[in-house]
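Student: would you be able to build a 3D model of this:
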Amino acid sequence: MEWCYPGVKPGSVMEIIEFPILKLNGRTMEIESTFHMYVQPVVHPQLTPFCTELTGIIQGMVDGQPSLQQVLERVDEWMAKEGLLDPSVKSIFVTCGDWDLKVMLPGQCQYLGLPVADYFKQWINLKKAYSFAMGSWPKNGLLDMNKGLNLQHIGRPHSGIDDCKNIANIMKTLAHRGFIFKQTSKPF
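Tutor: Numbering: from 1, shown residues only. From the prediction side, this is the model:
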């Protein structure tokens with residue numbers, strides 16, 4: 001998930017502008033499916049130069065795109081199509097930090113009066129998993145984890161879909177080293 005202060009004033013409402021998800025096979029750690037959409041910001045529809053510089057997302061990539069509500073509906077449809085809503089299927093989100101699912105998504109949903117699906121309420125913080133596996137905290141997130149595992153960084157930092165690919169690569173490497181991933185979030 002990529003978010004930014006699309007508005008022009010400091011302290012403006014942050015909005016999600018990219019919503020990427022990769023479905024990994026828990027045994028092979030290979031990517032099985034991709035969900036990726038850009039999101040039209042609604043509070044401040046114009047992206048700032050800072051936002052574009054940080055994420056690589058330009059105005060034309062969000063103009064005319066679905067709202068967060070519509071994207072969340074499509075996420076739900078994708079989750080169902082992929083069999084991830086079946087109660088007999090175990091799945092969990094993996095994020096680089098707690099911010100995206102603990103603060104950003106719930107905060108924007110609350111601001112917009114949208115419900116947060118239960119599947120977004122538990123996750124694995126890859127920074128914590130990496131710290132448990134490697135014995136050091138990755139201060140610079142994905143960049144430090146890639147470096148610590150001698151992996152090449154994929155794509156552009158702060159591109160949501162590229163961040164997902166890096167998360168998947170780090171998970172695969174840790175799993176091949178025998179690390180067992182466990183939920184790190186606290187129940188809501």
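Student: show me where this protein has helices.
Tutor: For the chain, the helices defined by DSSP state H occupy 49-55, 59-62, 68-81, 99, 105-112, 126-134, 141-148, 160-176.
Student: same for the longest one, what does it pack against?
Tutor: Contact here means 3 or more CB pairs under 8 Å, 6 or more residues apart in numbering; DSSP states H and E; on that basis helix 160-176 packs against strand 15-24, strand 31-38, strand 93-95, helix 126-134, helix 141-148. The C-beta positions use only the backbone N, C-alpha and C, and glycine is treated the same way.
Student: could I get these as a markdown table with distance to residue 63 and mean neighbour count?
Tutor: Below are the helices and strands packed on helix 160-176 laid out as a markdown table (distance: least, CB to CB, whole Å; neighbours: other CB atoms under 10 Å):
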| stretch | distance to residue 63 | mean neighbour count |
| --- | --- | --- |
| strand 15-24 | 11 | 21 |
| strand 31-38 | 9 | 15 |
| strand 93-95 | 27 | 20 |
| helix 126-134 | 32 | 19 |
| helix 141-148 | 28 | 18 |
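Student: so which of the ones you listed is nearest residue 66?
Tutor: Taking CB to CB, strand 31-38 is the member of these nearest to residue 66, at 6.5 Å.
Student: quick one: that closest one to strand 15-24, angle?
Tutor: 170 degrees (axes from the mean of the first three to the mean of the last three CA atoms, to 10 degrees).
Student: how about the helices and strands packed on helix 160-176, which one is nearest residue 50?
Tutor: Ranking these by proximity to residue 50 (CB to CB) places strand 15-24 first, at 12.6 Å.
Student: kindly reformat the helices of the chain as CSV and extend each row with distance to residue 90.
Tutor: Putting the helices of the chain into CSV (distance: least, CB to CB, whole Å) gives the following:
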stretch, distance to residue 90
helix 49-55, 32
helix 59-62, 34
helix 68-81, 13
helix 99, 24
helix 105-112, 21
helix 126-134, 16
helix 141-148, 24
helix 160-176, 15
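Student: now stretch 49-68, how far from the centre of its chain.
Tutor: Distance of stretch 49-68 from the chain centroid (CA atoms, centre = their mean, to the nearest Å) equals 16 Å.
Student: what does it contact?
Tutor: Residues external to stretch 49-68 that are found in contact with it (CB atoms under 8 Å, 6 or more residues apart in numbering): 2, 4-6, 15-19, 37-42, 45-47, 74, 108-109, 112, 114, 156, 158-160.
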